[in-house]
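Student: What follows is a protein structure lacking sequence information:
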């Protein structure tokens, strides 16, 4: 058998696939093509699905790499999340394109001023870039539902100037005109669709360019499991593949758990038997299967921390998730300095905890 030395684990675990990992992203060819076809007719695309259905991975690991390989158009793709500062994050991504006749150190501030000045601010920024005839700009807003949490915080603070509304208006105006080639693609959990009514024009835009991720077929799920292994020439037993498909069942929200179990199984197989036999059922059961792999990993990581770092860990994880009145969990992006204040810890202590997981 081939040794696995020098190769990164082909499975990402709980995180989403990135654009540079398209070579190990399998099972979504039809969905990628559907979204690219929709992009030809609509400048505002919303990729929707339940939590854990693979929205971010589909866009970052599938759609964006395929779009970049196109020969007819030259796409400048900028990826962002709203977090706690949607306008600043948008300005930063535009500044990093480096296409304005402004000193690099002043670009972000200059762009921010244009964005704040008018609803057409995004159009004005891109217009000043003087793009070529085949150039296109695509702004990808991942985890768009973060904006709704930010919106609620604005209301709680009784802010008169809604930056979340400005952000949405900039996107809508940019995709509603045809003079400047600006496109927007967002990913959002489908259970947040009703929150879109807080923003004038957003429900209509989402309805026009909506793509609801369909349930994956048995064949596609098999490709998700076997594709990355075959890509690097590593063997996996059919018994394990069938067991994984059985354990996954029909739950689309379990795809991150599947990837995490595969990542842990691969690590175990590499460590103990990579040169002896294919990755198989015994390796999978050794890490606790899909039902226990995540909790076992978390328990292992937590118990490897000393008492002080366990205290920091609890406060950090509590700070990173917010539960709404409807019982929906949503990520709460928090700067390192703020996590340090919350956990009453030094930066290196918070980083050490994060790296453990």
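Tutor: Structure received. Only a predicted model underlies this, so the values are computations on that prediction, with no experimental measurement involved. Numbering: from 1, shown residues only.
Student: going forward, measure contacts and count neighbours with C-alpha atoms only.
Tutor: Noted.
Student: Pick out the residue nearest the middle of the protein.
Tutor: By CA atoms, centre = their mean, the chain has its centre lying nearest to residue 56, at 3.8 Å.
Student: Report the contact partners of it.
Tutor: For residue 56, the contacting residues are 16-17, 142-143, 187, by CA atoms under 8 Å, 6 or more residues apart in numbering.
Student: Now the buried members of those residues.
Tutor: Among the contacts of residue 56, the ones that count as buried by 16 or more other CA atoms under 10 Å are 16-17, 142-143, 187.
Student: pretty sure residue 191 contacts residue 144?
Tutor: No. Residue 191 is beyond contact range of residue 144, at 12.0 Å (criterion: CA atoms under 8 Å).
Student: So residue 136 belongs to a strand, correct?
Tutor: Yes. Under DSSP: H, G, I helix; E, B strand; the rest coil, residue 136 sits within a strand.
Student: dump the residue contacts of it.
Tutor: Residue 136 is in contact with 73-76, 181-183, counting by CA under 8 Å, 6+ apart.
Student: Quick check: buried residues in stretch 26-41?
Tutor: Neighbour-count burial for stretch 26-41, counted by 16+ other CA under 10 Å, picks out 26-28, 31-32, 35-36, 38-39.
Student: Return a PyMOL selection command for the buried portion of the contacts of residue 136.
Tutor: Here is the PyMOL command that selects the buried residues among those (16+ other CA under 10 Å):
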select buried, resi 74+75+181+182+183
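Student: With distance to residue 309 and pLDDT added, can I get the contacts of residue 136 in CSV?
Tutor: Output for the contacts of residue 136, formatted as CSV (distance: CA to CA, whole Å; pLDDT from 0 to 100):
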residue, distance to residue 309, pLDDT
73, 50, 87
74, 48, 93
75, 45, 95
76, 42, 95
181, 49, 96
182, 46, 97
183, 44, 98
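Student: ok, how many other residues are close to residue 332?
Tutor: 18 (other CA atoms under 10 Å).
Student: who's in contact with it?
Tutor: When the contact criterion is CA under 8 Å, 6+ apart, the partners of residue 332 are 83, 146, 149, 319-322.
Student: Could you tell me which of the residues you listed belong to helices?
Tutor: The helices, defined by DSSP state H, take in 146, 149, 319 from those.
Student: Next, the buried residues of the longest helix along the chain.
Tutor: Looking across the chain with DSSP H, the single longest helix is helix 255-272. Buried residues in helix 255-272, defined by neighbour count with 16+ other CA under 10 Å: 255-270.
Student: Out of the residues you listed, flag the one nearest to residue 313.
Tutor: residue 260 (20.5 Å; CA to CA).
Student: contacting residues around stretch 9-16?
Tutor: Taking CA under 8 Å, 6+ apart as the rule, stretch 9-16 contacts 24, 54, 56-57, 60, 228-229, 256-264, 266-267.
Student: For it, measure first residue to last.
Tutor: 14 Å (CA to CA, to the nearest Å).
Student: mean confidence score for that stretch?
Tutor: Stretch 9-16 comes out with an average pLDDT of 92.
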